[in-house]
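J.: Attaching a predicted model along with its sequence, questions to come.
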Amino acid sequence: MTACFNRTSIRWRCFASLLWLAAVLLLAGCSGESGPVPNFSFPYPTDLRISGIVNLADVAIHRDLGGVTPSLIDLRPFELSIQDQPGNTTSADLEGRFVLAPISIRDQVVIICQHAKNANLVFEWMAADSQGLYGEVRAEVSIKSTARSLIARCLRDRYGRRIKPDSLDAQHISTTVDAIADVLEKHPEKLAQYRLDQVPEVKAAYTAMAAALHQGESGVIPNNLVLLLYMAGDNSLATQIADNIEDIAAAGLPSGTQILIQADFPIDGVKRMMISDKKVVELAAVGHLDSSSGAVIADFVAWSRRAFPARRYALFISSHSDAWKSASSLRTSLIVDDSAETVGNPIEIAAWLEGANTTFDGNYRALDLLVFDACSMGCIEIAWQFRKCADFTAFSQAFVPAQGLPYGKIVSAVAAAGADKLAGQELGTLICNEYRSRYIDAIVKTPATISLIKNAGFDVFMPKLTEYFTRIHAEIGLYGTVLGNLRDSLEVINEEGAKKYVVQAFERAEYRDLKDFVSKARNAMPSVANTTDQLLAVFNQLIVVNHTSSWFFPQASGISITFPDKASYLSDYIGSSPSSYFFLDFCQTTLWDEILTAVHTGSE
């Protein structure tokens, strides 16, 4: 949680308890929807045995797809697999019969039936039961089962609603069945461009029905809120993260909530867990993965959203960080994994998160809240990079103490408030308030800040900031020296040699409070005064909560900007190995990097 490293077997007693627990579990890993996947093997008894048949007798498969009326002459090319169960595959026989290897009890299962030679010819079968799927289950894969599966998955992934696919009758599936049949019988050429579920007419049919079912409140929303805790502790934070998990378990599981944890430790590696009855239930232990990888984070998020449909999701990322850079260099940042000897790249991580937020039908469903339990993440470069990932983002401009967020207190506060009442802003405010109580309002004062931004506020804020930078850049010859001097101006140097700058700085002096910088530059740039005032007027459209230790950071407004000194800029940013800073969306969108170059090199 600080890059400066100051952060300061389940015993089965009876079948009933096995069924209750396993009914809420799904095997981990994505099935191609969000990229490469780790294989999470569960240690539970394999009590769900699926066999069945591929039956395409009710559709006249076009000759171009190998069809002979009334159906395919040979069903052996079809390969069947189970979503979220990597490696469990089988092939149909001549008549379409198949048997899959036994799997663990769960509350939903999706079978993918893909033609070996025509990869876009894919059928589906899905079952769901909140009481659990177990024992012998017969599956008939057909165009009707495909329609039911597509509608049920769309309803789940888009709206957080779970419905039994076999409860969907002819009135629900007929339009989708007709669209599928039209492709298979008359327009096989569409499968040269699209997978069957992505053919526009097919997609339009099942998404429309899913929307109608949602409006009619069909099915159930199993959870009001799912908290996703990604705790990358394969580093010096392992002890603190283990303590935080214990605090979360002790607080218990709030009503209407699920808490899912993926934690990485130096010795044990990655574990996927959930909270149940004030206990931590281990779902999977897979050894060492690179937790700084965006693909690993995205897999956790995408699996969680399929396994635990919900009204809202909040993702917490806990690890070492230093905003957009690492502790030892200026190349990448966010999440340190000692075993893999890597640090994460925020550009990659943000892109993978956006992929995890994209459902199989192409719909984008952002997280309700993204929380960075990590140091110095409260800068505009990070905020803008992750703007599409969530509706709200919470982070700190300063270092985060070793213990990180007060997770136990947060979980207890969620229980007290009621998960059904906590949308993104309300949950974010709750988290900020608990952080303030732990560190800022404590008897022993801690240098700390925490803020919450509304990413929709960028729609108003960024045009004003872009115009501000454009005006400055147009007169950089006049104002370059002014900005450089303002950056370096000191109010005082105390007896210990610590510097207090005119523009609010944090533990890393290159991070300066953005609003304070804009305010104090105003009088020195009279021709930009009107533009400055327009920008200052919209900060409250972006920053909705801001708590700061007034003794340490009196002018912290909730968001920082990177403004290094000349020596650092010349050696670490534009030296022999140019910094990744210039590839951030913020630098691609604004002229700030050009302004920095002009200020520190004198070039225009």
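T.: That came through, no problem.

J.: hey, let's count contacts and neighbours off CA atoms from now on
T.: Noted.

J.: what comes up buried for stretch 587-599?
T.: 590-599 (16 or more other C-alpha atoms under 10 Å).

J.: Over to stretch 256-271?
T.: Buried, per 16+ other C-alpha under 10 Å, within stretch 256-271: 256-266, 269-271.

J.: List of residues touching it?
T.: 222-235, 238, 253, 272-275, 282-289, 291, 300, 304, 308, 338-339, 419-420 (C-alpha atoms under 8 Å, 6 or more residues apart in numbering).

J.: Confidence-wise, which helix or strand of this protein is lowest on average?
T.: When each helix and strand of the chain is scored by mean pLDDT, DSSP states H and E, helix 15-22 comes last, with a mean of 39.

J.: Looking at the contacts of stretch 256-271, which are in helices?
T.: 238, 300, 304 (DSSP state H).

J.: can you put those in a markdown table and add distance to A374 and neighbour count?
T.: Putting the ones in helices among the contacts of stretch 256-271 into a markdown table (distance: C-alpha to C-alpha, whole Å; neighbours: other C-alpha atoms under 10 Å) gives the following:
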| residue | distance to A374 | neighbour count |
| --- | --- | --- |
| A238 | 14 | 19 |
| F300 | 19 | 25 |
| S304 | 22 | 24 |
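
J.: Quick check, central residue of this structure?
T.: Geometric centre of the chain, nearest residue: L353, 4.3 Å, by C-alpha atoms, centre = their mean.

J.: What's the first helix or strand after whichever strand or helix holds it?
T.: In this assignment (DSSP states H and E), L353 forms part of helix 346-356. Using DSSP H and E, the helix or strand that directly follows helix 346-356 along the chain is strand 367-373.

J.: Tell me which helix or strand comes right after that following strand.
T.: Per DSSP H and E, the first helix or strand lying C-terminal to strand 367-373 is helix 380-385.

J.: Run the chain-centre distance for the helix or strand sitting right after that next one along the chain.
T.: With elements assigned by DSSP H and E, the helix or strand that comes after helix 380-385 is strand 390-395. The chain centre lies 11 Å from the centre of strand 390-395; the measure is C-alpha atoms, centre = their mean, to the nearest Å.

J.: What pairs with strand 390-395, parallel or antiparallel?
T.: Strand 390-395 pairs in its sheet with strand 367-373 (parallel), strand 449-454 (antiparallel), by DSSP bridges.

J.: for it, what is the average pLDDT?
T.: Averaged over strand 390-395, pLDDT sits at 98.

J.: what's the angle from it to helix 346-356?
T.: 140 degrees (axes from the mean of the first three to the mean of the last three C-alpha atoms, to 10 degrees).

J.: List the buried residues of strand 390-395.
T.: For strand 390-395, using 16+ other C-alpha under 10 Å, the buried residues are 390-395.

J.: Determine the next helix or strand in the C-terminal direction from that strand.
T.: Later in the chain than strand 390-395, the nearest helix or strand by DSSP H and E is helix 407-417.

J.: coming back round to it: distance to I180 added to the buried residues of strand 390-395, as JSON lines?
T.: Shown next, in JSON lines, are the buried residues of strand 390-395 (distance: C-alpha to C-alpha, whole Å):
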{"residue": "A390", "distance to I180": "34"}
{"residue": "D391", "distance to I180": "35"}
{"residue": "F392", "distance to I180": "39"}
{"residue": "T393", "distance to I180": "41"}
{"residue": "A394", "distance to I180": "44"}
{"residue": "F395", "distance to I180": "46"}
